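> Just a sequence and a predicted model for now, questions to come.
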Amino acid sequence: MNEIELFNKEKQKNINLLASKKNNGIDLIKNSMIDTNYTYNFTWMGRPIIQLPQDIIAMQEIIWDVKPDMIVETGIAHGGSLIFSASMLTLLEACGEIENGQVLGIDIDIREHNRKAIEAHPMSKKIMMFQGSSIDDDMIIKVHEFAKKGKKILVCLDSNHTHEHVLAELKAYAPLVSVGSYCVVFDTLIEDLPEDIFNNRPWGKRNNPKTAVWEFLKENDDFVLDKDIENKLLITVAPDGYLMRVK
């Protein structure tokens, strides 16, 4: 057994130990991160990314391992996630792992100041943006047509967080995911938080991305939950949200 194999064996042991911890960091998130808008503290190459650092690291690991040449994302906001994905594909190209990487972002409302900032960014040459509802029939057709350019595709869902919307996104875009790649569903954490946190939102307990994932997986065995990712992160916005395509 070589050095890396030994390292990975020890890492798996650590992950299994973390999996035995009952709350996986939920109490920390309840007690501080929600009240302080913790995820708004971080940027990627100058653009707000609105993610936990742990999940950013997880996405870096996934993208390096999968080596997609196309990443499709629903939800754009300030564009930090698009910039992150584009920068990762640029690194893969520089290492000779892929050719012509592309990122597609879809959002029902791309604010003009955000669009201009994204288009002015050095990573913009790898980014395409579509404005409209991600679950509109015409948009789904448009995205599937665009995705024909990709050889290996990874999908991230992070727009409207209601059960109905996320389930519709899963049905529309999970089929684009290549075998061995991932469909990552963010903000599944909503199901684990107190009911009164999201009083001003259309989502909450029993109506959120995690419940959508659970329903999707009941009818689809092409994907499995990669629990090792969330277990090793300990703190994540995406428990039960890292779906790996296995067939």
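Nice, thanks for sending it over. Residues are numbered from 1 along each chain as shown.

> Counting neighbours, what do you get for the spatially closest residue to Trp203 that is not a sequence neighbour?
Of all residues beyond its chain neighbours, the one nearest Trp203 is His161 (4.4 Å), with distances taken as CB to CB, 6 or more residues apart in numbering. No exception for glycine: its C-beta is placed from N, CA and C like everyone else's. Using other CB atoms under 10 Å as the criterion, His161 is surrounded by 25 other residues.

> and His161, how far is that from Gly75?
Using CB to CB, to the nearest Å, we find His161 at a distance of 9 Å from Gly75.

> likewise Gly204?
Note on Gly204: its distance to Gly75, by CB to CB, is 18 Å.

> same thing with Glu169?
Distance, Glu169 to Gly75, by CB to CB: 10 Å.

> the more surrounded of the two?
Neighbours around Glu169 and Gly75, counted as other CB under 10 Å, are more numerous at Glu169. The numbers are 26 against 21.

> Pull the contacting residues for that one.
The contact partners of Glu169, taken as CB atoms under 8 Å, 6 or more residues apart in numbering, are 74, 134-135, 157, 159.

> Could you point out which residue ranges in this protein have low pLDDT?
Within the chain, the set of residues satisfying pLDDT under 70 comprises 4, 15, 18-35.

> That one: helices as residue ranges?
With DSSP state H as the definition, the chain shows helices at residue ranges 3-19, 26-28, 53-66, 80-94, 112-119, 137-147, 163-173, 209-218, 227-233.

> Which among those is found nearest to Ile127?
In terms of CB to CB, the element of the helices of the chain nearest to Ile127 is helix 80-94, at 5.3 Å.

> buried residues in the closest one?
Within helix 80-94, the residues that qualify as buried by neighbour count (16 or more other CB atoms under 10 Å) are 80-90, 92.

> For Asn200, what are phi and psi?
Summarising the backbone geometry of Asn200 under the convention degrees, to the nearest 10, its torsions are phi -100, psi 20.

> from here on, count from 49
With the count now opening at 49, the last piece we talked about shows up as Asn248.

> Count the residues that sit near it.
Neighbour count for Asn248, taken as other CB under 10 Å: 5.

> how much space between it and Met176?
With the distance defined as CB to CB, Asn248 ends up 32 Å from Met176.

> follow-up on the earlier one: can I get the buried residues of helix 128-142 in JSON lines including distance to Phe234?
Converted to JSON lines, the buried residues of helix 128-142 look like this (distance: CB to CB, whole Å):
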{"residue": "Gly128", "distance to Phe234": "13"}
{"residue": "Ser129", "distance to Phe234": "9"}
{"residue": "Leu130", "distance to Phe234": "14"}
{"residue": "Ile131", "distance to Phe234": "16"}
{"residue": "Phe132", "distance to Phe234": "13"}
{"residue": "Ser133", "distance to Phe234": "13"}
{"residue": "Ala134", "distance to Phe234": "18"}
{"residue": "Ser135", "distance to Phe234": "19"}
{"residue": "Met136", "distance to Phe234": "16"}
{"residue": "Leu137", "distance to Phe234": "19"}
{"residue": "Thr138", "distance to Phe234": "22"}
{"residue": "Leu140", "distance to Phe234": "22"}
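
> any idea how far the residue lying farthest from the centre of the chain lies from Ala222?
Going by CA atoms, centre = their mean, the residue of the chain most distant from its centre is Met49, 33.6 Å out. Noted for Met49: a distance of 36 Å to Ala222, by CB to CB.

> repeat for Leu265
Leu265 sits 10 Å away from Ala222, going by CB to CB.
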